[in-house]
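> please find the sequence and the predicted model below.
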Amino acid sequence: MPLRHRRALAALALAGAAAVTVAACDPVGGMSSVTVSVTTDKVATSKLEHDGFKVRYLTCTAKIDGGSSTRTPSAGSTRTVATVDCRGRTDDNKKISVTGKVTEEREDRCVRGDLTAKVADRTVFHASVLGDCNAPPPTKNTPRPPGKPGSRPTVTVTVTVTESFRGK
């Protein structure tokens, strides 16, 4: 297959993957699993480092609990809940875990819910709020300081191109 055809296939696959990703990231009840996981990663890393743990890495995933939305009878409102699971390591190779539920997320600033962090199987914090919910929203044009853990989320897209020999 000529190089230009492989590139076209790769571009098409990438566009298709991006379309699927965008559809999968639609917020449910105002929260999306992507923003919850990125914000939790950032604020949990910051809290752990503030508490004296040197974080080598922390990776968070979040799942919006479709069936776990709860209705508050007095307010008549529905609350969306995300289950968060973060795993990582300290600089001295100790295991880090941050797990729990998030009921509110404010992009790059804070998460509210019920989160517990452990380092080497020892609970180091239990929090209902992580981050500064009163901080102003981030502006899209403000560059983040380089080298700060959790400051730049990484998005990985895998494109598979399959070639077959057609012979003459």
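Done, it's in. Numbering: from 1, shown residues only.
> by mean pLDDT, point me to the weakest helix or strand of this protein.
strand 70-72 (a mean of 38; mean pLDDT, DSSP states H and E).
> helix, strand or coil for residue 41?
For residue 41, the assignment made with DSSP: H, G, I helix; E, B strand; the rest coil gives helix.
> burial count for it?
25 (other Cβ atoms under 10 Å). From N, CA and C alone the C-beta is placed, and that goes for glycine too.
> try residue 138
Residue 138 - counted by other Cβ under 10 Å - has 12 other residues nearby.
> now do it against residue 61, distance only.
According to Cβ to Cβ, to the nearest Å, residue 138 stands 22 Å off from residue 61.
> likewise for residue 126?
Taking Cβ to Cβ, one finds residue 126 at 20 Å from residue 61.
> when those two are compared, which one has more neighbours?
residue 61 (16 against 11).
> that one bridge partners, please.
Residue 61 forms beta bridges with residue 85, as assigned by DSSP bridges.
> I figured residue 49 hits residue 43, correct?
No: contact criterion Cβ atoms under 8 Å: residue 49 and residue 43 do not qualify, at 10.8 Å.
> more neighbours: these two, which one.
Taking neighbours as other Cβ under 10 Å, residue 49 and residue 43 compare with residue 43 leading, 26 against 16.
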